[in-house]
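> Let me see the structure of the following:
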Amino acid sequence: MAEGIGIIGAGVAGLHLALYLQQHDIPVIVYSDQATQQMASGRIRNTVAHHHTTVAREQALGVDHWEIGQYGYFCHHHALGSPGPGIPPLRFPGDFEAPSRGIDYRVYLPRLALDYQERGGDFRVGPVTGADVPALAGRHELIVVATGKAGLAGMFPLRADKMPYDKPMRRLCGGLYHGVAYSAPKGVTMSIAPGHGELLEIPMFSAEGFVTALLFENVPGGATEILADAQYGDDPKAFENLVLDILRAHHPAVFERADPAEFRLTGPDDLVQGALTPTVRQDYVQLADGRWAIAIGDAHTVVDPVIGQGANVASYEAWELGTLITEDPVFDERFCRKAAARRANRVEATVDWTNLMIGLPPAPHLLRLLGAMSASRPVADEFTNNFNYPERQWDILATPERTDAFLARHGMG
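Below is the predicted model of the structure:
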């Protein structure tokens with residue numbers, strides 16, 4: 001007899017879906033390549049923040065363990081460096097309607113995995129590869145692939161229509177640091193150094209307590225790219241001094257709050273460097289026995305982290321799929337098409353918006369919007385709050401005409 005839903009992967013997508021199904025008394029088994037204790041150790045996975053739409057899902061799932069007034073942040077601080085002689089840099093804020101928060105996934109994921117298990121959830125630890133999926137499918141009514149690891153994403157064909165880049169557009173250096181005072185009001189700083197890249201400075205809670213995440217998005221060939229290759233282990237102090245030098249030269253809005261005497265990486269495992277090519281895959285595939293597998297999270301889309309949407313859209317996908325499972329538990333191709341359709345608008349808007357943000361040179365209408373944000377607080381607030389609603393953001397940015405119409409509605413011709 002089939003054992004309900006099988007979820008491969010215990011990241012945010014897999015755990016949010018498992019908790020949702022568990023809450024609705026739907027049989028589910030989670031297959032994880034790591035035990036709960038392993039999730040809490042090792043190298044930092046990302047520098048992700050959850051926006052208030054994701055926080056609301058966590059509250060509904062009963063996993064709201066980090067009180068938002070203490071752990072949250074409330075706005076974005078934008079800092080745009082001068083693109084050329086005679087053009088001044090810009091700084092301006094934008095507010096959320098409700099707070100976001102950043103929790104180190106080595107704290108977050110094991111806590112949710114324990115929640116699931118303490119509520120009676122079946123959590124099985126061991127490696128799963130694409131070759132194992134047919135056997136698992138024979139035991140379940142539906143397989144959900146919620147991780148791209150171990151070749152599992154390769155089960156789902158690529159969508160070339162949503163992949164304008166065939167190589168990474170940024171080289172990344174993300175880490176957790178002591179010695180950077182939080183902004184007032186407490187928020188994320190989004191700093192742009194034209195021609196060189198971006199920096200996201202995020203208030204974060206980790207096993208070390210409250211720290212600061214610095215995610216450098218480095219343009220290949222730009223002056224900050226050195227951070228993607230610098231070796232912390234060779235000379236930790238030299239690495240930290242290099243980070244300070246980059247902040248001073250290219251991201252002064254953050255450097256001004258750094259204390260060089262206290263500035264340090266929180267630990268050798270609290271640094272991640274690399275690059276990724278944005279990818280989008282087909283929503284589902286039919287397996288050899290006629291059953292179906294659906295992709296969510298990293299198995300479905302991988303986006304550059306420049307606007308911090310990957311985890312938030314993964315949670316959204318899990319919620320939408322869970323809702324559909326409760327409404328229509330007939331797991332055929334019709335079901336898979338419905339699942340794809342109900343998430344398509346937000347997922348594709350996230351992909352398109354992210355790809356616009358990393359395009360080189362920047363699109364003129366994007367620059368026009370950023371300039372308008374510096375002159376109009378309502379424009380900046382709407383842009384900031386739309387980090388919760390990527391489809392609304394893409395309604396503004398999809399074409400120059402849409403951006404112009406948005407600005408006209410705000411009285412900015």
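> Which helix or strand contains T53?
helix 52-61 (DSSP states H and E).
> Going by neighbour count, which residues of that helix are buried?
Residues of helix 52-61 classed as buried by neighbour count (16 or more other Cβ atoms under 10 Å): H52, T53, T54, V55, R57, E58, L61. Just so you know, the C-beta spots here come from the backbone N, C-alpha and C atoms, and that holds for glycine as well.
> What spatial separation is found between the first one and S315?
What it means is H52. As for H52, its distance to S315 is 12 Å (criterion: Cβ to Cβ, to the nearest Å).
> swap in L80?
From L80 to S315 the distance is 30 Å (Cβ to Cβ).
> For those two, indicate the residue with more neighbours.
Using other Cβ atoms under 10 Å, the more surrounded residue of L80 and S315 is S315, with 26 against 22.
> pLDDT wise, what is A150 at?
pLDDT, A150: 90.
> Pretty sure it sits against A131.
No. Counting by Cβ atoms under 8 Å, A150 stays clear of A131, with 9.3 Å between them.
> average pLDDT for stretch 86-104?
95.
> Please disregard the earlier target; I meant stretch 169-187.
98.
> Quick check: end-to-end length of it?
Using Cα to Cα, to the nearest Å, one end of stretch 169-187 lies 26 Å from the other.
> And for stretch 372-386?
16 Å.
> Could you check how far it is from the centre of its chain?
22 Å (Cα atoms, centre = their mean, to the nearest Å).
> now do stretch 362-377
With Cα atoms, centre = their mean, you get 23 Å for stretch 362-377.
> Can you give me the buried ones in that stretch?
P362, A363, H365, L366, L369, L370, A372, M373, S376.
> just stretch 197-207 next, same as before
G197, E198, L199, L200, E201, I202, P203, M204, F205, S206.
> same deal with stretch 393-407?
Q393, W394, D395, I396, L397, T403, F406, L407.
> where along the stretch 201-350 of the chain do the helices fall?
236-250, 252-255, 310-327, 333-357 (DSSP state H, counting those that start in this stretch).
> So which other helices or strands are in contact with the third one?
With contacts defined as 3 or more Cβ pairs under 8 Å, 6 or more residues apart in numbering; DSSP states H and E, the packing partners of helix 310-327 are helix 12-23, helix 52-61, strand 301-302, helix 333-357.
> now what about it, what contacts it?
5, 11-14, 16-17, 20-21, 24, 26, 46, 48, 50-51, 53-54, 57, 142, 144, 146, 294, 296-298, 300-303, 335, 338-339, 342-343, 346-347, 350, 388, 390 (Cβ atoms under 8 Å, 6 or more residues apart in numbering).
> picking that back up, select, out of the helices of the stretch 201-350 of the chain, the one closest to L158.
helix 333-357 (12.5 Å; Cβ to Cβ).
> model confidence over the closest one, on average?
Mean predicted lDDT for helix 333-357 stands at 98.
> now it, how far from the centre of its chain.
For helix 333-357, the distance to the chain centre is 15 Å (Cα atoms, centre = their mean).
> residues of that helix that come out buried?
For helix 333-357, by 16+ other Cβ under 10 Å, it's 335-336, 339-340, 343, 346-357.
> tell me which strands and helices that helix is in contact with?
In terms of contacts (3+ Cβ pairs under 8 Å, 6+ apart), helix 333-357 is packed against strand 284-286, strand 292-295, strand 301-302, helix 310-327, helix 390-397.
> ok so, going back, now, which of the buried residues of stretch 393-407 sits nearest V219?
L397 (20.2 Å).
> From A181, how far off is that closest one?
32 Å.
> so what's I202 up against?
Going by Cβ under 8 Å, 6+ apart, the list of residues near I202 reads T47, A49, Y73, G102, V188, T212, A213, L214, L215, G308.
> And for the second one, the neighbour number?
If I follow you right, that is A49. Using other Cβ under 10 Å: A49 sits among 22 other residues.
> Let me see the contact set for the nearest residue in space to it that is not next to it in sequence.
Nearest non-adjacent residue to A49, counting by Cβ to Cβ, 6 or more residues apart in numbering: G102, 4.0 Å away. Applying Cβ under 8 Å, 6+ apart, we find G102 in contact with T47, V48, A49, H50, Y73, I202, P203, M204, F205, A213.
> and those residues as a markdown table, adding pLDDT and distance to F96?
Listed next are these as a markdown table, based on pLDDT from 0 to 100; distance: Cβ to Cβ, whole Å:
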| residue | pLDDT | distance to F96 |
| --- | --- | --- |
| T47 | 95 | 18 |
| V48 | 93 | 16 |
| A49 | 97 | 11 |
| H50 | 98 | 12 |
| Y73 | 98 | 8 |
| I202 | 98 | 14 |
| P203 | 98 | 13 |
| M204 | 98 | 17 |
| F205 | 98 | 18 |
| A213 | 98 | 18 |
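> ok, so of those, who is nearest D381?
Of the contacts of G102, the one sitting nearest to D381 (Cβ to Cβ) turns out to be Y73, at 15.0 Å.
> wait, doesn't the closest one sit right on R101?
Yes. Between Y73 and R101 there is a contact under Cβ under 8 Å: 6.7 Å.
> Next, the distance between the ends of stretch 264-283.
42 Å.
> Please state the backbone phi and psi of N46?
Phi and psi for N46, reported as degrees, to the nearest 10, are phi -170, psi -180.
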